[in-house]
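K.L.:
no sequence on hand, only this structure:
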């Protein structure tokens, strides 16, 4: 059986983990490579680096981090943030990223999804969708949630699948930061609309939230940041809980 | 020395680093003489099969691969590198592949595609050196939309359940192939690579 995945996500700015990570065993809680190693030891199924470095001139920093991570951690690594071109994608993949996550650039230039999928395969092209409820539908936002687009999330999800995306990283802007659980309605709607894997993101606060999203939707993976970073939950705790709930996980 | 064939398809550096972790000495190369001189050959690969075949052809590597296999050097195909060993694939119309093994490459139907994430391998023959020390039903990392269907079922070394049981590893004499990514499968994957290093 294909297992449900638990994925910690690190925000990285200018080469450092934003706000750091609160693990006792870590020597440098701000070093993305050390944090990735710690999550590897915990049994994370994948790891995502979201580069929020503002300047495109500083891209070599994240490439360097990806290189060092790929030398030490032998699990799938996705990198998102600031990717504008097929060249950016090529650089990340050759540094050791397994997948890249496109967000704003996919909206501005949807052909980038197709071009990248044709060249490197759909399996390494993730499209991140930041969605916010607006009446009976969800609007798509870009630029880190600052700019509303004219795209509707469910239609955009279908479109990115058609364009060649291999996975969707779906963040609910309504749930994000609330710790009140994943956005089940949005996650369910997107999972029903597409036939590619979907990662649910935003809202994880307690252990039951992970079981909820896997029981009530057909989502493939759950992403969380702060609950893991601040040690409120560990990955083994979450996985053992899911296992008790008869959800297929890798222990 | 292990030669990892560089034909522009994917995560070569991850494969090299994983071999280092497994105690192997691996170089990334597209040089025919380096490949011929290597003790073992690895054909990795992520991406689409049509450009992969074109690149192997343009780099004149097809005959080199055929020769190393004929000379019975240990050969490991990973993911696309496994699929390339078969006769043809339905990916992007129909693509003729290397045809070293009999059988075809086909696409998952009525399932989420790609088959992405951790899934189990049911090992068919525990005497197979590549699976030494690997538990039956161990979880490994997959990321693919197409899978191989060997004409000779004895070639199948392990199967995985995704909608159906399909062949996720093969062995024939000196040829080994895995559909999953050992270089991304944490300790289980490193152990498989170590087994290949120690052949």
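P.N.:
Perfect, I can see it now. Please read all numbers here as calculations on a predicted model, not as lab measurements. Residues are numbered from 1 along each chain as shown, chains lettered A, B, ... in the order given.

K.L.:
and the strands in chain B, which stretches?
P.N.:
Per DSSP state E, chain B carries strands over the ranges B:2-5, B:26-29, B:40-43, B:75-78, B:88-89, B:95-96, B:103-107, B:115-123, B:138-144, B:146-150, B:156-161, B:165-172, B:175-178.

K.L.:
possible to save those as TSV with mean pLDDT and distance to residue A:83?
P.N.:
Using the backbone N, CA and C atoms, a C-beta is placed for each residue, glycine as well. Converted to TSV, the strands of chain B look like this (pLDDT from 0 to 100; distance: least, CB to CB, whole Å):
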stretch	mean pLDDT	distance to residue A:83
strand B:2-5	97	26
strand B:26-29	96	24
strand B:40-43	97	28
strand B:75-78	98	25
strand B:88-89	96	29
strand B:95-96	96	29
strand B:103-107	97	28
strand B:115-123	98	19
strand B:138-144	97	19
strand B:146-150	97	26
strand B:156-161	98	31
strand B:165-172	98	31
strand B:175-178	98	29
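
K.L.:
dump the ones you listed into CSV; add distance to residue A:146 and mean neighbour count as well.
P.N.:
Below are the strands of chain B laid out as CSV (distance: least, CB to CB, whole Å; neighbours: other CB atoms under 10 Å in any protein chain shown):
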stretch, distance to residue A:146, mean neighbour count
strand B:2-5, 43, 24
strand B:26-29, 41, 17
strand B:40-43, 45, 25
strand B:75-78, 41, 26
strand B:88-89, 44, 20
strand B:95-96, 44, 15
strand B:103-107, 39, 18
strand B:115-123, 30, 22
strand B:138-144, 32, 24
strand B:146-150, 40, 20
strand B:156-161, 43, 21
strand B:165-172, 44, 21
strand B:175-178, 44, 26
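
K.L.:
redo those strands as CSV? Include distance to residue A:110.
P.N.:
What follows is these, written out as CSV (distance: least, CB to CB, whole Å):
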stretch, distance to residue A:110
strand B:2-5, 34
strand B:26-29, 34
strand B:40-43, 33
strand B:75-78, 31
strand B:88-89, 27
strand B:95-96, 26
strand B:103-107, 24
strand B:115-123, 22
strand B:138-144, 23
strand B:146-150, 25
strand B:156-161, 33
strand B:165-172, 33
strand B:175-178, 34
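
K.L.:
hmm, who's touching stretch B:52-62?
P.N.:
B:5, B:7-9, B:30, B:32, B:35, B:45, B:65, B:80, B:84, B:95-98 (CB atoms under 8 Å, 6 or more residues apart in numbering or on different chains).

K.L.:
and it, which residues are buried?
P.N.:
Going by neighbour count (16 or more other CB atoms under 10 Å in any protein chain shown), the buried part of stretch B:52-62 is B:52-53, B:55-56, B:59, B:61.

K.L.:
of all those, which comes closest to chain A?
P.N.:
Using CB to the nearest CB, residue B:52 comes nearest to chain A of those, at 9.8 Å.

K.L.:
ok, and the closest non-adjacent residue to the closest one?
P.N.:
Leaving aside its chain neighbours, residue B:52 sits nearest to residue B:9 (5.0 Å; criterion: CB to CB, 6 or more residues apart in numbering or on different chains).

K.L.:
who's in contact with the one you found?
P.N.:
So residue B:9 contacts B:44-47, B:51-52, B:55, B:80 (CB under 8 Å, 6+ apart).

K.L.:
list just the nearest of those to residue A:187.
P.N.:
Proximity of the contacts of residue B:9 to residue A:187 (CB to CB) peaks at residue B:46, which lies at 27.5 Å.

K.L.:
residues in contact with the spatially closest residue to the closest one that is not a sequence neighbour?
P.N.:
Excluding the flanking residues, the one nearest residue B:46 by CB to CB, 6+ apart is residue B:10, at 3.6 Å. Shown in contact with residue B:10 (CB under 8 Å, 6+ apart): A:93, A:120, B:44-47, B:80.

K.L.:
repeat the analysis, applying 10 Å as the threshold.
P.N.:
Residue B:10 sits next to A:93-94, A:98, A:120-121, A:123-124, B:44-47, B:52, B:78-81, B:181 when contact means CB atoms under 10 Å, 6 or more residues apart in numbering or on different chains.

K.L.:
follow-up on the earlier one: of all the strands of chain B, which lies closest to residue A:169?
P.N.:
With CB to CB as the measure, strand B:115-123 is the member of the strands of chain B nearest residue A:169 (12.3 Å).

K.L.:
adjacent strands (with direction) for that closest one?
P.N.:
The partner list of strand B:115-123 in its sheet, established with DSSP bridges, is strand B:138-144 (antiparallel), strand B:156-161 (antiparallel).

K.L.:
need these in JSON lines with distance to residue A:229, can you?
P.N.:
As requested, these are exported to JSON lines (distance: least, CB to CB, whole Å):
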{"stretch": "strand B:138-144", "distance to residue A:229": "23"}
{"stretch": "strand B:156-161", "distance to residue A:229": "33"}
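
K.L.:
so what's the residue in chain B positioned nearest to chain A closest to, chain neighbours aside?
P.N.:
Closest to chain A within chain B is residue B:47: 4.0 Å, counting by CB to the nearest CB. Distances taken as CB to CB, 6+ apart place residue A:121 nearest to residue B:47, at 4.0 Å, with adjacent residues excluded.

K.L.:
what's the neighbour count on that neighbour?
P.N.:
Residue A:121: 28 surrounding residues under other CB atoms under 10 Å in any protein chain shown.

K.L.:
now the contacts of stretch B:52-62: which count as buried?
P.N.:
The neighbour-count test (16+ other CB under 10 Å) marks B:5, B:7-9, B:30, B:35, B:45, B:65, B:80, B:84, B:95, B:97-98 as buried among the contacts of stretch B:52-62.

K.L.:
quick check: the farthest pair among these?
P.N.:
Maximum distance among those (CB to CB): 22.7 Å, for B:35 and B:95.

K.L.:
near chain B, which residues of the stretch 101-250 of chain A show up?
P.N.:
Residues of the stretch 101-250 of chain A lying close to chain B by CB under 10 Å from any CB of the partner chain are A:117-124, A:126, A:161, A:166-167, A:191, A:194-198, A:218, A:220-221, A:248-250.

K.L.:
just the buried residues of those residues.
P.N.:
Taking 16+ other CB under 10 Å as the criterion, what is buried in those is A:117-124, A:126, A:161, A:166-167, A:191, A:194, A:196-198, A:220-221, A:249-250.

K.L.:
any idea what residue B:172 is bridged to?
P.N.:
residue B:175.

K.L.:
from memory it sits against residue B:82, does it?
P.N.:
No. Counting by CB atoms under 10 Å, residue B:172 stays clear of residue B:82, with 11.8 Å between them.

K.L.:
need the residues touching each of the two.
P.N.:
Shared contacts of residue B:172 and residue B:82, defined by CB under 10 Å, 6+ apart, comprise residue B:101.

K.L.:
need the pLDDT of the nearest residue to residue A:173 once chain neighbours are set aside.
P.N.:
Spatial nearest neighbour of residue A:173, chain neighbours left out: residue A:132 (4.1 Å); criterion: CB to CB, 6+ apart. pLDDT recorded at residue A:132 is 97.
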